[in-house]
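S.K.: sequence and computational prediction follow.
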Amino acid sequence: MLTPDLIRQAQVRIAGRVHHTPVITSRSFNLLAGREVFFKCENLQRAGAFKIRGATNKILSLTDDEKRRGVIAVSSGNHAQAVALAAREAGIRSVVAIPADAPKAKVEATRNYGADIRFFDRHKDDRDAFGREIAEREGLMMVPAYDDYLIMAGQGTCGLEFLEEVPDLDCILTPCSGGGLFAGVSTAAKSIKPSINCFAVEPETGNDTQQSVAKGERVKISPPPTIADGLRVQTPGALTFPITRANADDVLIVSDDEILATMRFMLFRMKLLIEPSGAAAAAAVFHRKVPNGARKVGVVLSGGNVDPEVLTRVLKEEGGN
């Protein structure tokens, strides 16, 4: 199970292999959001996102025999890069299955970290079956993107760092896709401050977690057409969902336009480059979707690996204002 002790063990295990990312504030953002906001900058993390935390924890936890076999991951980008980097540093082989329509920048970065890349069609192929078939055929160990307690524990170290630095937060928000980040961060946060409110944030066209929480069971949706490429998982994880359901005070929804507007503000006013998925939680605060009672708000900026085409869109729209 995911426990505070498992997260603290992960914190010790990955120390020195990941960045202790900074927490920053912005007066101009606070003014527009109507509250005091603290940002945990995982966009400045190694490989550009929080995913290196879980991947490193999982890979370092493998036995010597498992390490000799090598690892495989299935990912649209950030997890792919994290697994490739963590595997390279552990001196083991990595294979990464990536959707054919994944952002080119993330694909190239994954390749540069040394991974053997295999492509699949997210609209036709069962991504999990595709990865399992390769793992079984080549004897590789699967490093799940989110549905694994060691992965969740690694992601939870972000929450430990955040609450250790700003222990009096009223609430904390993270983007939510498969649920590994939210499960880890919310568990860590509540272990330090049980009264803290935790909000998961999804794009409006990819609200599988919101639907699942409302129904009380996991709901599967069609591949969501959202600019937030890291939030396109179609159903919550089997292991993450019970934790999300228990810890989430609400699941908040943001539109692609709201994400883009937030990215634009953070780039030009705060000098922070955030990818769409990484800006989702900030967008929920920026557009005042957090309950009014929360005055001191924590936001995880989960990644900064922006596809050049998306960045061009942000810059063009800024120029048109």
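M.R.: That came in fine, so what should we check first? Numbering: from 1, shown residues only.

S.K.: name the helix or strand for V299, please.
M.R.: Assigned by DSSP states H and E, V299 belongs to strand 296-301.

S.K.: now tell me what touches the helix or strand just after that strand from outside.
M.R.: Where DSSP H and E defines the elements, the next helix or strand beyond strand 296-301 is helix 308-319. Residues outside helix 308-319 that contact it (CB atoms under 8 Å, 6 or more residues apart in numbering): 103-105, 227, 260, 263-264, 267-268, 273, 275-276, 306. C-beta here means a position set from N, CA and C on the backbone, and glycine is covered the same way.

S.K.: okay, now the sheet partners of the strand holding V299, with direction.
M.R.: If you go by DSSP bridges, strand 296-301 pairs up with strand 36-41 (parallel), strand 171-175 (parallel).

S.K.: list the buried ones in it?
M.R.: V297, G298, V299, V300, L301 (16 or more other CB atoms under 10 Å).

S.K.: rebuild the strands paired with strand 296-301 as CSV, extending it with mean neighbour count, distance to G54 and mean pLDDT.
M.R.: Listed next are those as CSV, based on neighbours: other CB atoms under 10 Å; distance: least, CB to CB, whole Å; pLDDT from 0 to 100:
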stretch, mean neighbour count, distance to G54, mean pLDDT
strand 36-41, 22, 15, 98
strand 171-175, 29, 13, 98
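
S.K.: how about the ones you listed in a markdown table, adding distance to S94?
M.R.: Output for the strands paired with strand 296-301, formatted as a markdown table (distance: least, CB to CB, whole Å):
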| stretch | distance to S94 |
| --- | --- |
| strand 36-41 | 26 |
| strand 171-175 | 25 |
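
S.K.: so P276 sits right up against V254, yeah?
M.R.: No - here P276 lies out of contact with V254, judged by CB atoms under 8 Å, at a distance of 10.0 Å.

S.K.: that's a helix at L181, yeah?
M.R.: Yes - counting by DSSP: H, G, I helix; E, B strand; the rest coil, L181 is part of a helix.

S.K.: report the contact partners of it.
M.R.: F50, Y146, Q155, C158, T174, P175, V300, S302.

S.K.: against P308, how distant is it?
M.R.: Per CB to CB, to the nearest Å, L181 is found 25 Å from P308.

S.K.: and for K104?
M.R.: Counting by CB to CB, the gap from K104 to P308 is 8 Å.

S.K.: ditto for C176
M.R.: Taking CB to CB, one finds C176 at 26 Å from P308.

S.K.: pLDDT below threshold where in the stretch 151-300 of the chain?
M.R.: Applying pLDDT under 70 to the stretch 151-300 of the chain flags no residue at all.

S.K.: for it, which segments count as helices?
M.R.: In the stretch 151-300 of the chain, the helices defined using DSSP state H, counting those that start in this stretch lie at 180-192, 208-215, 240-247, 256-269, 276-286.

S.K.: so which of those helices is the most surrounded?
M.R.: Mean neighbours per residue, mean count of other CB atoms under 10 Å, is largest over the helices of the stretch 151-300 of the chain for helix 276-286, with a mean of 30.

S.K.: can you give me the neighbour number for E133?
M.R.: E133 has 12 neighbours, counted by other CB atoms under 10 Å.

S.K.: where's it relative to L62, distance?
M.R.: 21 Å.

S.K.: what's the closest of the contacts of helix 308-319 to A55?
M.R.: A55 has its nearest neighbour among the contacts of helix 308-319 in E275, at 17.4 Å by CB to CB.

S.K.: that closest one reaches I227, doesn't it?
M.R.: No - using CB under 8 Å, E275 is not in contact with I227, being 9.5 Å away.

S.K.: these two: which is more packed in?
M.R.: More crowded of E275 and I227, by other CB under 10 Å: E275, with 31 against 21.

S.K.: if I pick that one, what's in contact with it?
M.R.: Per CB under 8 Å, 6+ apart, neighbours of E275: N43, G48, A49, D229, G230, M263, G303, G304, N305, V306, D307, V310.

S.K.: give me that answer again for 7 Å
M.R.: G230, G303, G304, N305, V306 (CB atoms under 7 Å, 6 or more residues apart in numbering).

S.K.: now render the residues you listed as a markdown table, adding distance to A73 and neighbour count.
M.R.: Shown next, in a markdown table, are these (distance: CB to CB, whole Å; neighbours: other CB atoms under 10 Å):
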| residue | distance to A73 | neighbour count |
| --- | --- | --- |
| G230 | 14 | 29 |
| G303 | 16 | 28 |
| G304 | 20 | 19 |
| N305 | 15 | 23 |
| V306 | 21 | 24 |
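
S.K.: any idea which of the residues you listed is the one closest to A238?
M.R.: Looking across those and measuring by CB to CB, the closest to A238 is G230, at 19.8 Å.

S.K.: so what's that closest one up against?
M.R.: S76, G77, N78, S177, E275, S277, G303.
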